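Trainee: No sequence on hand, only this structure:
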């Protein structure tokens, strides 16, 4: 039997079984730290909800995470009017060429992507999302994106600027972590 944790997350706050607010990873020594911990716990809850949404999306589309990332990249490139070949996608996703071949084969078999000859290089191919893949992604994610836009739209210009700057700084903090 699994032992129940003394701590549980409720609405972005980590509470002890006695109802006391707990630190993200460290003890709380000041009111400022409490605010920082609340923000980090809210980010953790958001990331968890987003990961759950991605899993549901992948399941509904019958795709793995890397397949969905590849399709998203191809859709973005198409909207920008750029052609993408397997090599660029391999670099973008940090995969081997053998793994990329398998991924592209899966996407082609499932009807999400087509291979086309490169317009100027007879030896190369470009990868294009099918119109159906764009429609399926939009129908699968459209409602969720609309709800997110509705929430973000409630922020004032000043609040938006603060949130954007905070998230950029958090990304910078995470990007510096050694792998």
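Mentor: Ah, there it is. Predicted model, so just to flag it, every value in this text is computed and none were measured. Numbers count the residues shown, from 1 in each chain.

Trainee: Could you look up the SS state of residue 82?
Mentor: Of the three states, residue 82 takes coil under DSSP: H, G, I helix; E, B strand; the rest coil.

Trainee: in stretch 61-81, what's buried?
Mentor: 61, 63, 66-71, 73-75, 77-78 (16 or more other C-beta atoms under 10 Å). For glycine as for every other residue, the C-beta is placed from the backbone atoms N, C-alpha and C.

Trainee: In helices, which of the residues you listed fall?
Mentor: Counting by DSSP state H, the buried residues of stretch 61-81 place 61, 66, 67, 68, 69, 70, 71, 73, 74, 75, 77, 78 in helices.

Trainee: Could you check how far the fifth one is from residue 173?
Mentor: Computed as C-beta to C-beta, to the nearest Å, the residue 69 to residue 173 distance reads 23 Å.

Trainee: swap in the last one?
Mentor: Residue 78 is 33 Å from residue 173, where distance means C-beta to C-beta.

Trainee: ok, back up a step: including distance to residue 93 and pLDDT, could the ones in helices among the buried residues of stretch 61-81 go into a markdown table?
Mentor: Formatted as a markdown table, these follow (distance: C-beta to C-beta, whole Å; pLDDT from 0 to 100):
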| residue | distance to residue 93 | pLDDT |
| --- | --- | --- |
| 61 | 17 | 80 |
| 66 | 6 | 92 |
| 67 | 10 | 92 |
| 68 | 11 | 88 |
| 69 | 6 | 91 |
| 70 | 6 | 94 |
| 71 | 11 | 93 |
| 73 | 8 | 95 |
| 74 | 11 | 96 |
| 75 | 14 | 94 |
| 77 | 13 | 96 |
| 78 | 17 | 94 |
